[in-house]
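Peer 1: sequence? don't have it. structure:
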């Protein structure tokens, strides 16, 4: 009890003795680095509007660092602009521009080194090599930042939000464009990516590697070079996201590679080359999603097993499903297929005839892509109709036994 009282007393003492330092041309302290020298743990530094070209700004004290009127911190294409080397730092209200560009030390707009409880909120980051970088950090928040770059080649630009070997992160309501990957997670656990907009990035809107037990919810990934990739990961929850306009030979709405025990729920995949591409996945449940106007709704490689695809809508896709093997190790149940031509005599909303979502032409184009030249030809239509009646090339057990007659309202 005495120890607790002592801790509370020290906290109260530090709060009462905390001071605010104003920085700007109209104040005695005109440089940010001067203010950082004067500050102690618990202080607040308020930087007033203006342009500050002070090289690398190192924050190594537990301070609140606030911008008033979005003061500009300019790295002059030479420096990492803000480096955080203290716990419990808040950075809010700055425009951070023109970091250095280098591939060895990855200079950033803001980089956090091995810290906890850092908050980075309501900033504008423009034309930086990496936008915000968290390295070996825990319990940090990145919220409401606008992160823009102008990269043309992925080798010459970093990621918008880059998180490495971290835990319990919250990435919320950021807008990211023009980077290599919009958001990048590697060895990141127990974290959430929520309500972000990641568009027009060179490679991926979101890139997961070796990051378990995370969730991404209600994000928009649109018009990125290759869509979203989740690799070598387990226990990922993917809810209420939009994967849109990700076109190209190697582009997907969502690429899943070596993923296990995850849940894909209530997402929309629209106008992508492939809505979902699955390779080496197991025990994934894909439920109540919309696949609309994609080249392929889903591509499920033969290396996938024990995945359940249930209660989804497949609308206006060129091909609903494609695969490169003959073994059927995944299940399809109670999906709505707009290409289904069966009937429902007992009027229970479920088709009386099973649906074969894998068309003959989908199998042919998987093995011979140039066959797409024959798409919509009379001969291909005839072959597809014949295959549905008497399956010969497509696996006869690749079926949805309970296809829905009406589109699901999701």
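Peer 2: That came through fine. Predicted model only: the values in this text are computed from it and were never measured.
Peer 1: so what strands line up beside the longest strand along the chain?
Peer 2: Ordering each strand of the chain by length in residues (DSSP state E) puts strand 254-265 first. Strand 254-265 sits in its sheet next to strand 227-234 (parallel), strand 237-239 (parallel), strand 274-279 (parallel), strand 282-287 (parallel), going by DSSP bridges.
Peer 1: Just the buried positions in the second one, please.
Peer 2: Using 16 or more other CB atoms under 10 Å as the test for burial, strand 237-239 gives 238, 239. For every residue, glycine as well, the C-beta is placed using N, CA and C.
Peer 1: Quick check: beta-bridge partners of residue 67?
Peer 2: Applying DSSP bridges, one finds that residue 67 bridges with residue 47.
Peer 1: deepest of the strands paired with strand 254-265, which one?
Peer 2: strand 274-279 (a mean of 25; mean count of other CB atoms under 10 Å).
Peer 1: Can you list the low-confidence ranges for this structure?
Peer 2: Within the chain, the ranges that satisfy pLDDT under 70 run 1-17, 326-327, 359-397.
Peer 1: didn't residue 26 look like it was pressed against residue 68?
Peer 2: No - here residue 26 does not reach residue 68: they are 11.7 Å apart, not a contact under CB atoms under 8 Å.
Peer 1: and the most centrally placed residue in the chain, backbone torsions?
Peer 2: Nearest to the mean C-alpha position of the chain, by CA atoms, centre = their mean, lies residue 206 at 3.0 Å. Dihedral pair for residue 206: phi -150, psi 140, per degrees, to the nearest 10.
Peer 1: I'd like the strands paired with strand 254-265 laid out as TSV, including distance to residue 196.
Peer 2: Output for the strands paired with strand 254-265, formatted as TSV (distance: least, CB to CB, whole Å):
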stretch	distance to residue 196
strand 227-234	12
strand 237-239	13
strand 274-279	20
strand 282-287	22
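Peer 1: Which of the ones you listed sits closest to residue 245?
Peer 2: Closest of these to residue 245 is strand 227-234, at 9.4 Å (criterion: CB to CB).
Peer 1: Heading C-terminal from the longest strand of the chain, find the next helix or strand.
Peer 2: Going down the chain from strand 254-265, the next helix or strand is strand 268-270, by DSSP states H and E.
Peer 1: Residues contacting that following strand, please?
Peer 2: Applying CB atoms under 8 Å, 6 or more residues apart in numbering, the external contacts of strand 268-270 come out as 241-245, 253-254, 275-276, 289-294, 297.
Peer 1: with the residues you listed in mind, which one is nearest to residue 304?
Peer 2: Taking the contacts of strand 268-270 together and measuring to residue 304 by CB to CB, the closest member is residue 276, at 10.6 Å.
Peer 1: Verify the contact between the closest one and residue 295 for me.
Peer 2: No - taking contacts as CB under 8 Å, residue 276 lies outside contact range of residue 295: 12.0 Å.
Peer 1: Next up, the contacts around residue 410.
Peer 2: By CB under 8 Å, 6+ apart, the neighbours of residue 410 are 266, 288, 289, 290, 313.
Peer 1: And for the second one, the neighbour number?
Peer 2: By the other CB atoms under 10 Å criterion, the neighbourhood of residue 288 contains 16 residues.
Peer 1: Thought residue 334 was touching it, still the case?
Peer 2: No - counting by CB under 8 Å, residue 288 does not reach residue 334; the two are 10.5 Å apart.
Peer 1: which residues do these two both contact?
Peer 2: residue 311.
Peer 1: the more surrounded of residue 26 and residue 68?
Peer 2: For residue 26 versus residue 68, neighbours defined as other CB under 10 Å are more numerous around residue 68 (15 against 8).
Peer 1: how close does that one get to residue 55?
Peer 2: Distance from residue 68 to residue 55, counting by CB to CB, to the nearest Å: 22 Å.
Peer 1: go on, residue 232?
Peer 2: Counting by CB to CB - residue 232 and residue 55 are separated by 38 Å.
Peer 1: likewise residue 46?
Peer 2: 21 Å.
Peer 1: Tell me which of these two has more neighbours.
Peer 2: Each of residue 46 and residue 55 has its neighbours counted (other CB under 10 Å); residue 46 has more, 18 against 14.
Peer 1: what's the neighbour count on the residue lying closest to residue 157 once chain neighbours are set aside?
Peer 2: Excluding its sequence neighbours, the residue lying closest to residue 157 (CB to CB, 6 or more residues apart in numbering) is residue 151, at 3.0 Å. Residues contacting residue 151 under the criterion other CB under 10 Å number 18.
Peer 1: Packing partners of the host helix or strand of residue 186?
Peer 2: When elements are assigned from DSSP H and E, residue 186 belongs to strand 183-189. The contact analysis (3 or more CB pairs under 8 Å, 6 or more residues apart in numbering; DSSP states H and E) places strand 183-189 against strand 161-167, strand 204-209.
Peer 1: So for the first one, what gets flagged as buried?
Peer 2: To tie it back to what came earlier, the one meant is strand 161-167. So strand 161-167, judged by 16+ other CB under 10 Å, has buried residues 161, 162, 163, 164, 166, 167.
Peer 1: Helix or strand next in line after it, which one?
Peer 2: Following strand 161-167 toward the C-terminus (DSSP H and E): strand 170-172.
Peer 1: What strands flank that following strand, and is each parallel or antiparallel?
Peer 2: Strand 170-172 has these strand partners (DSSP bridges): strand 141-143 (parallel), strand 192-194 (parallel).
Peer 1: Distance from the helix or strand that the last one is followed by to the middle of the chain?
Peer 2: Proceeding C-terminally, strand 192-194 gives way to strand 197-199 as the next helix or strand, assigned by DSSP H and E. Average the C-alpha atoms of strand 197-199, do the same for its chain, and the two points are 8 Å apart (CA atoms, centre = their mean, to the nearest Å).
Peer 1: Partner strands of strand 197-199 and their direction?
Peer 2: strand 175-177 (parallel), strand 220-222 (parallel).
Peer 1: what's in contact with that strand?
Peer 2: 160, 174-177, 182-183, 205-206, 219-224.
Peer 1: Which two of those have the greatest separation?
Peer 2: 174 and 223 (16.7 Å).
Peer 1: Pick out whichever of the two has more residues nearby.
Peer 2: residue 174 (28 against 17).
Peer 1: Before I go, just wanted to say thanks for your time.
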